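# Need a 3D model of the sequence below.
(one chain, ligands or ions: 4)
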Amino acid sequence: MEKISIIDSKNHVNEVVEINGWIANKRSSGKIAFLTLRDGSAYFQGIVLKETVGEEAFAQIKNLPQETAVKIIGEIHEDKRSKFGYEIEISQLEVIGTSGDYPITPKEHGTDFLMDHRHLWLRSSKQHAIMQIRNEIIRATYEFFNDRGFIKIDPPILTGSAPEGTTELFETDYFGQSAYLSQSGQLYAEAAAMAFGKVFTFGPTFRAEKSKTRRHLTEFWMIEPEMAFTHQDESLKVQEDYVAFLVRNVLDHCEYALDVLGRDRDVLERYTQTPYPRISYDEAIELLKENGFDDIEWGDDFGSPHETFIANSFEKPVFIMNYPAKIKPFYMPLAPGRDDVVICADLIAPEGYGEIIGGSEREVDYDVLAENIEKFGLSEEEYGWYLDLRKYGSVPHSGFGLGLERTVTWISGIEHIREASPFPRLLHRLRP
Ligand code: ATP
Ligand code: MG
Ligand code: MG
Ligand code: MG
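Ligands and ions are numbered 1, 2, ... in the order given. Reported below is the predicted structural model:
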């Protein structure tokens, strides 16, 4: 007899099969018990008839607690009433692992309780759906960049310098000197792009975010493509193609997960349509002013209400381009004819999910970059290696960083970024 995953039920209708999984929920009457079963591929219903399994086995099965691990044998049937479409009529059930008084029952719990039990909360159908979408975004990311000739390079996580100041950095002792957990792999990606042309990083990054928001984790994964011989326009095209590709693949490969989450497909379809609208920072400020925002001036970075308002003025993700130089890092070049804004863009997700990409062109002129390093109070000694990239065959290049968990949160349509990571790290959350 074939051992199958629940998700493959459709290929085994009217066959007797073996499935290994857990009891996620159950209810029963005098003659029939309904078990919700999960095996990591999906959830579906198992039916146990007293008539089939006999009185003794029926009584035993009826009383199995939630999360009992079981091996079942039964026949797959279509089940038009369920979202999943199939069910199994169980003829044999063997307990593989017993369970006790399970703390998370299908009733509502508060967030703190659920976060304390994150190791068990992951078993819920909603968390399962989110992790499937996260997995699809990771898979599609590799496909997108590999198909376009990008090489994945892995920047170091322990770093010796702090390009954007130390306030958001986690510092640790490194044999007597200070080391910092990487907050971005970009500078290394630039070095790799000068070696290999087109590269992308995909790894964990760390920021000591001291505020509590729905969008910030202290540990999150970032995808940072970097492209030699590439100006901003071409980079924006890669960015919108990439994001549209992610949404397309989630729509095509995560139907069941999107159903579980109740995510509106028509809305997601809209996000697969490129190009995405573009406005300048100057225009964004004007738009906010015209609409009564008096808590922001030209030169300020946007807060979440500003980003949300701007996003709501468009139907798709929107690029905000050319921010003031003084709120952006030292490596961004001035826009032509301007001495106050740099060639960069943030991609703001619709529906109030905020910035999902930050990107820019990179300063390629040795002297200008050296001057910026000094102006930003960074040491030339620390950045000598980075300056070298402008000494030997410096070319125009651009790149961007997309936050994985931000993107998962947005595409899944969930409230809070903590559910986009299997074991999220937040201001007051280091365990489990
Ligand atoms: P924000 O303005 O939202 O704080 P940022 O401008 O500080 O983001 P970047 O340095 O541009 O972020 O990083 C690139 C991307 O990484 C962001 O567009 C976002 O998707 C993601 N990101 C940044 N900080 C966090 C965080 N604390 N938690 C999760 N994702 C993050
Ligand atoms: Mg930030
Ligand atoms: Mg930002
Ligand atoms: Mg940014």
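
# Contact partners for A179?
158-160, 171-173 (C-beta atoms under 8 Å, 6 or more residues apart in numbering). Any C-beta I mention is one placed from the backbone N, CA and C, and that applies to glycine too.

# again, only using 10 Å
Counting by C-beta atoms under 10 Å, 6 or more residues apart in numbering, A179 touches 156-161, 169-173.

# of the residues you listed, closest to I138?
Taking C-beta to C-beta as the measure, I138 lies nearest I157 of the contacts of A179, at 18.0 Å.

# Please look at the closest one and S182 and confirm they touch.
Yes: with contact defined as C-beta atoms under 10 Å, I157 counts as touching S182 (5.0 Å).

# re earlier: filter the contacts of A179 down to the buried ones.
159, 161, 169 (16 or more other C-beta atoms under 10 Å).

# Restricted to helices, list those.
With helices taken from DSSP state H, there is no overlap with the buried ones among the contacts of A179.

# Select from those the entry with the lowest predicted confidence.
Within the set of the buried ones among the contacts of A179, pLDDT is lowest for S161 (80).

# In this structure that one contacts S184, no?
No: with contact defined as C-beta under 10 Å, S161 does not reach S184; the gap is 11.8 Å.

# ranges for the helices of the protein?
Using DSSP H, the helices of the chain run over 50-53, 55-62, 111-116, 118-121, 125-147, 186-196, 232-253, 255-261, 265-271, 281-290, 304-312, 366-375, 384-388, 404-412.

# what would these look like in a markdown table with distance to ligand 1?
Output for the helices of the chain, formatted as a markdown table (distance: least, C-beta to the nearest ligand atom, whole Å):
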| stretch | distance to ligand 1 |
| --- | --- |
| helix 50-53 | 49 |
| helix 55-62 | 44 |
| helix 111-116 | 16 |
| helix 118-121 | 17 |
| helix 125-147 | 12 |
| helix 186-196 | 9 |
| helix 232-253 | 11 |
| helix 255-261 | 20 |
| helix 265-271 | 16 |
| helix 281-290 | 13 |
| helix 304-312 | 8 |
| helix 366-375 | 17 |
| helix 384-388 | 17 |
| helix 404-412 | 4 |
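
# which one of those helices is the most hemmed in?
Of all the helices of the chain, helix 404-412 has the most neighbours on average by mean count of other C-beta atoms under 10 Å, namely a mean of 25.

# and that one with helix 232-253, angle?
60 degrees (axes from the mean of the first three to the mean of the last three C-alpha atoms, to 10 degrees).

# Which elements pack onto helix 404-412?
Packed against helix 404-412 by the contact rule (3 or more C-beta pairs under 10 Å, 6 or more residues apart in numbering; DSSP states H and E) you find helix 125-147, strand 198-206, strand 219-228, helix 232-253, helix 255-261, helix 265-271, strand 344-349, strand 354-361.

# how about these in TSV, adding mean pLDDT and distance to V95?
TSV is the format used below for the helices and strands packed on helix 404-412 (pLDDT from 0 to 100; distance: least, C-beta to C-beta, whole Å):
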stretch	mean pLDDT	distance to V95
helix 125-147	97	22
strand 198-206	98	38
strand 219-228	98	38
helix 232-253	98	34
helix 255-261	94	27
helix 265-271	98	39
strand 344-349	98	45
strand 354-361	98	45
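
# Can I get these in TSV including distance to R429?
Formatted as TSV, the helices and strands packed on helix 404-412 follow (distance: least, C-beta to C-beta, whole Å):
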stretch	distance to R429
helix 125-147	16
strand 198-206	14
strand 219-228	10
helix 232-253	27
helix 255-261	23
helix 265-271	30
strand 344-349	24
strand 354-361	20
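
# Test my guess that R362 contacts L187.
Yes: R362 is in contact with L187 according to C-beta under 10 Å; the separation is 9.4 Å.

# And the buried ones among the contacts of A179, which is closest to L114?
Nearest to L114 among the buried ones among the contacts of A179, with distances taken as C-beta to C-beta, is L169, at 29.7 Å.

# Look up how far E226 lies from Y331.
12 Å (C-beta to C-beta, to the nearest Å).

# any residues in contact with both of the two?
186-187, 190, 362.

# coming back round to it: anything in contact with each of R362 and L187?
226, 329, 331, 389.

# Most neighbours among those, which one?
Tallying neighbours with other C-beta atoms under 10 Å puts E226 at the head of the shared contacts of R362 and L187, with 31 neighbours.

# Poorly predicted segments of this protein, please.
Across the chain, the ranges flagged by pLDDT under 70 are 106, 163-165.

# rerun that using 80 as the cut-off
83, 105-108, 162-166 (pLDDT under 80).

# Got the domain ranges for it?
Domain assignment for the chain, taken from automatic domain parsing, gives 2-97, 119-420.

# closest one to P432 among those?
domain 119-420 (5.0 Å).

# Between the two ends of that closest one, what distance do you get?
With C-alpha to C-alpha, to the nearest Å as the measure, domain 119-420 spans 14 Å from end to end.

# same check, this time on stretch 143-157
24 Å.

# so E307 makes contact with G354?
Yes: counting by C-beta under 10 Å, G354 is a contact partner of E307 at 5.1 Å.

# Give me the common contacts of these two.
If you check E307 and G354 against C-beta under 10 Å, 6+ apart, the residues they both contact are 215, 346, 348.

# burial count for the second one?
Read it as D346. 23.

# partners of it in the sheet?
Assessed by DSSP bridges, D346 has beta-bridge partners I320, G358.

# Could you pull up the residues touching it?
281, 284, 301-302, 307, 318-321, 323, 328, 354-360, 400.
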